[in-house]
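1. sequence isn't available, so here's the structure alone:
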C-alpha cells in the first residue's frame, strides 16, 4: 500500500504485524501536495501525534504525567534520580519541528502539519543551521503569546506570537537530549527557550517547586515541568490561576468542552488546598474564586445567547496575507466554521480577528432558553 | 424459555419479534424464591425498570423531563393544556408498589424488588383495601426521611422513614390517573401524598412556580413536578439548595459519582441565575456558595483520607431485625461492601448505622496523595 511500509515499521521499532495493526488507526492527510499519515491517538505503544511522511518518521511528543501532590509525587516520579531540572511550563500550543526533504515542518500535538506554524516559525526563528548540523533533530516547543490561533495567553515581552523551545528529541526514536546539553545547544543556535528555574536535589524539590508555583500563580502563569537531567522522566504541576482560568474558559463554552476536562481541574483544586494545608478562610476564598470561574462565565454566555448573540472562540493573528489564507483554509479543512470579525493591514502584515464557532454551546443553550426539556 | 413469554409481549403491547429483541437486555433476579426479570435501562421504547414477574408486567416509571427555564419550558411542555397541577418533588427514592400473586411488592426505579421497602411499606401504609379494589394499580411514590438506606433527607414531621404517593398508574399499560382522581383515591384509602400546591393556568404557572421554588429553596426542599390534569405530561424544576446539596455530596465522593451528574447540576445554576436576572452581587453570592459546595466537600474527603481515614455513604435504618437482615443481604447481593458502624435496639426495633464503601474515591484519592501520577 505504501512504498515506505518496511521503512516505517523498522523506524518505529515494531514488527511488521504490529505495524499492520497500527495502520487502520492512522489518518491520511495532505500538505502542499505531500501525502502523509498521522496517529491522532496513542495506540499500541506508539505516541499520539506520530507522523509517517515521505519515508520518514516523526515521533509524537510523549504525554507528560502530572502530580496532584508535590511532596509525594516528586520523590515517587524521580526515585531513580538525585536531582531534577525545574523549567517553566508555558501556556500556548505544543509544536514539533522536523526537517523533511529539506523543509522544516511544524507538527501539531496530534501530528498534523500546521501550515500557519510552519510559516510563522520561519519568521520567528532560524532553524537552518540547527537542522544542517542535526538533521534528525525534533525541535519541541511552545507557541505562546496573545496573537495565536489556538491558545492565546499574555506573556511579558511577547506582543504577538513567539516560540520557546522546551525539548530536543531524535525525531525517529523520540529519545531526548539531556537537559543541560539541550539548553546549551539551543543557546548556541540562538533559539529562545522556556525559562529554567533551577537544578535542585529531589529531596528539596517539593519545597522549592512549591515556592516557584506560588510565584507563578501570582503572575497568572501556568506552572512547571520537572525533568530528570537525562530528559527522560517528566512531571508537571500547575498553578491554581491556570486551573481557574481554564475552568472559566471551559464554562464559557460549557457544551463544547468535555466533562472530564472540567472535572480534572476541579479535582486539582481539592488536592492543592489540602497539600497547602489551607485555613478554613483560605479554602473558602479559593472556593469562592472557583465558583466565580464556573458560574460567572456560564452566566455571561447564557446572557449573551439570551440577548440574541452568539459565543465562540475569538482569536487574533498577525502574519502575511498568504500565511493567514493558509491558516483559514487549514482550520476550515478541519470542519471548523470561522467568522471573520476584523481584517486589516498593519506594517505590511494582515491582522485578522476571527471566531471559531462553537455550535454545541450556541445551539444547546438556545434550546434550553427556548424551553426544550432536558431528559437526563 | 419462559412459560409466560406470549403473555409478556402482549401485555407490553409489542410484537413477538420486538419482545425477543428486548430479552437480552433483561436481568434475571430472584425474590423470595420467585424468579423475575427487569429492564435496568430503557430499551426499544420500554421504560427503564419494567418488570416481568410471574406472568405479570409492572411498567417502569417514566423519566420526568426537566426544564432549565420556567418561563419558556412550562408553556412549551404544556402547550396542549390550559392548566396544570403543581406538586412538590420530594427528595427520597422512587418506589412502585404492585400486588403480584397476592403480595404487595415494592420495586426500585430500575425494577428490582426491594425487600426492605416491601417490608417497610407494610408497616407504614395499609394498601390492602386499595389493591382489593384496584388489583391492577401501580402505587408510585417516594420514600422519604432521615432513616433511609438510599437517599436520606430531613422533612418536618418525618423522624424515621415515610411514604408519600405521587402517582397512580395501571401497572400493565403505565397509564396514569388524572391528578384529581388520583388525589381523591389516595385520600379515600388514607395513603399519605406528596403536597399539592395548586392548580394554575399555564400562562400564570411560570410566575407562581417561581414563587413556590423560592419558598422551597429557603426551606432546603427539592422542587416541584408540574403535571397536566390528565397526569400524562410531566415537567420538573428544582431549587438551587437541592442542586448545591447534590453537588456537595457528589464532590465528597468525587471518583464515585459520574462527571455528567456534576455537570448537569452546574449547568442548572447557570440557567437559574440568568432567568432570575440576578444582579452581579447576587450572582457572585451564588457562585461562592456553588464553589463552597464543590471545594469544601472535596477538601474534607481528601483531608480524611490523608489522615488515614476512609469515606463512604453513611445511612441509618430503623426496622425489625428481619427487615434489616434482608436489607443487608440485598445490598451485599448488589456487590456493595457494607460496614456496620452501630447496631442497637430501641423500642423493639433494630437501629443500624452502616456505611456503603466507595472504593473509587478511597483508592483513587489515596493513590494521588501517595504521589501516583495522573496521565490525562
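-> Alright, I've got the coordinates. From a predicted model like this one, the values you see are computed outputs, not experimental measurements. Numbers count the residues shown, from 1 in each chain, chains lettered A, B, ... in the order given.

2. which strand or helix spans the residue nearest to residue A:16 when sequence neighbours are not counted?
-> Using CB to CB, 6 or more residues apart in numbering or on different chains and skipping residues adjacent in sequence, the residue nearest residue A:16 is residue A:9, 5.3 Å away. Yep, even glycine has a C-beta here, placed from its N, CA and C like the rest. Using DSSP states H and E, residue A:9 maps to helix A:5-12.

3. for residue A:292, same thing?
-> Going by DSSP H and E, residue A:292 is in helix A:280-306.

4. now the element after the helix holding residue A:9, going C-ward?
-> helix A:16-22.

5. what number of residues lie near residue A:232?
-> When neighbours are defined as other CB atoms under 10 Å in any protein chain shown, residue A:232 has 13 of them.

6. give me every residue that touches it.
-> residue A:176 (CB atoms under 8 Å, 6 or more residues apart in numbering or on different chains).

7. walk me through the domains of chain A.
-> Following automatic domain parsing, one finds the domains of chain A at A:3-58, A:62-89+A:196-238, A:240-297, A:312-369.

8. name the helix or strand for the closest residue to residue A:175 other than its chain neighbours, please.
-> With sequence-adjacent residues excluded and distances taken as CB to CB, 6+ apart, residue A:175 is closest to residue A:169, at 6.1 Å. Residue A:169 belongs to strand A:162-170 when assigned by DSSP H and E.

9. centre of the chain versus that strand, how much separation?
-> Between the centre of strand A:162-170 and the centre of its chain there are 12 Å (CA atoms, centre = their mean, to the nearest Å).

10. whichever residue of the stretch 251-376 of chain A sits closest to chain B: neighbour count?
-> Here the stretch 251-376 of chain A gets closest to chain B at one residue, residue A:291, 2.4 Å apart by CB to the nearest CB. Each residue near residue A:291 was counted by other CB under 10 Å, and the total is 24.

11. also residue A:259?
-> By the measure other CB under 10 Å, the count of residues near residue A:259 is 17.

12. cool, residue A:314 as well?
-> There are 13 residues near residue A:314, going by other CB under 10 Å.

13. now do it, the pLDDT please.
-> Per-residue confidence (pLDDT) for residue A:314: 95.

14. now do the one 5 residues further on
-> According to the model's per-residue confidence, residue A:319 sits at a pLDDT of 97.

15. same deal with residue A:49?
-> pLDDT, residue A:49: 97.

16. now the element after the host helix or strand of residue A:182, going C-ward?
-> Taking DSSP H and E as the criterion, residue A:182 maps to helix A:179-188. Going down the chain from helix A:179-188, the next helix or strand is strand A:196-201, by DSSP H and E.

17. for that next one, give the mean pLDDT please.
-> The pLDDT scores in strand A:196-201 average 96.

18. so which bits of that strand are buried?
-> A:197, A:200 (16 or more other CB atoms under 10 Å in any protein chain shown).

19. the following helix or strand past it: which residues count as buried?
-> Next helix or strand after strand A:196-201 toward the C-terminus (DSSP H and E): helix A:205-218. For helix A:205-218, burial by neighbour count (16+ other CB under 10 Å) applies to A:205, A:206, A:208, A:209, A:210, A:212, A:213, A:216, A:217.

20. so where's chain A uncertain?
-> A:1-3 (pLDDT under 70).

21. just the helices from it, written as ranges.
-> Taking DSSP state H to define them, one finds helices in chain A at A:5-12, A:16-22, A:70-77, A:115-124, A:128-133, A:179-188, A:205-218, A:240-252, A:259-275, A:280-306, A:321-333, A:359-369.

22. between these, which one is closest to residue B:158.
-> Closest to residue B:158 of those is helix A:280-306 (CB to CB; 31.5 Å).

23. what is the closest one packed up against?
-> helix A:240-252, helix A:259-275, helix A:359-369, helix B:259-275, helix B:280-306 (3 or more CB pairs under 8 Å, 6 or more residues apart in numbering or on different chains; DSSP states H and E).

24. return the residues in contact with residue A:298.
-> For residue A:298, counting by CB under 8 Å, 6+ apart, the contacting residues are A:251, A:252, A:254, B:266, B:267, B:269, B:270.

25. so what's it closest to, chain neighbours aside?
-> Closest residue to residue A:298 apart from its sequence neighbours, by CB to CB, 6+ apart: residue B:270 at 3.5 Å.

26. what does the stretch 101-250 of chain A have sitting close to chain B?
-> Within the stretch 101-250 of chain A, the positions near chain B by CB under 8 Å from any CB of the partner chain are residue A:235.

27. what bridges to the closest residue to chain B within the stretch 101-250 of chain A?
-> Among residues of the stretch 101-250 of chain A, the one nearest chain B by CB to the nearest CB turns out to be residue A:235. It sits 6.6 Å away. For residue A:235, the beta-bridge partners under DSSP bridges are residue A:226.

28. check contacts around it.
-> Applying CB under 8 Å, 6+ apart, we find residue A:235 in contact with A:64, A:65, A:66, A:67, A:73, A:74, A:77, A:78, A:225, A:226, A:227, B:373.

29. check residue A:110 too.
-> Contacts for residue A:110 (CB under 8 Å, 6+ apart) come out as A:38, A:40, A:48, A:49.

30. state the distance from it to residue A:51.
-> Using CB to CB, to the nearest Å, one gets 10 Å for the distance from residue A:110 to residue A:51.

31. what do those two both touch?
-> residue A:38.

32. ok, the nearest residue to residue A:18 once chain neighbours are set aside - how many residues close by?
-> Closest residue to residue A:18 apart from its sequence neighbours, by CB to CB, 6+ apart: residue A:44 at 6.1 Å. Residues lying near residue A:44 (other CB under 10 Å) number 12.

33. and residue A:44, what does it touch?
-> A:14, A:18, A:21, A:22 are the contacts of residue A:44 under CB under 8 Å, 6+ apart.

34. between these, which is nearest residue B:320?
-> So of the contacts of residue A:44, ranked by how close each gets to residue B:320 (CB to CB), first place is residue A:21, at 60.1 Å.

35. and the closest residue to residue A:358 other than its chain neighbours, what does it touch?
-> Excluding the flanking residues, the one nearest residue A:358 by CB to CB, 6+ apart is residue A:256, at 4.3 Å. Contacts for residue A:256 were tallied using CB under 8 Å, 6+ apart; they are A:358, A:359, A:360, A:361.

36. distance of residue A:256 relative to residue A:86?
-> For residue A:256, the distance to residue A:86 - CB to CB - is 34 Å.

37. repeat for residue A:4
-> 40 Å.

38. neighbour count: those two, which is higher?
-> residue A:86 (23 against 14).

39. redo the contacts of residue A:256 as CSV? Include neighbour count and distance to residue B:305.
-> Shown next, in CSV, are the contacts of residue A:256 (neighbours: other CB atoms under 10 Å in any protein chain shown; distance: CB to CB, whole Å):
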residue, neighbour count, distance to residue B:305
A:358, 22, 37
A:359, 13, 41
A:360, 13, 36
A:361, 22, 36
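
40. hmm, which two among the residues you listed are most spread apart?
-> The span of the contacts of residue A:256, defined through CB to CB, is set by A:359 and A:361 at 7.6 Å.
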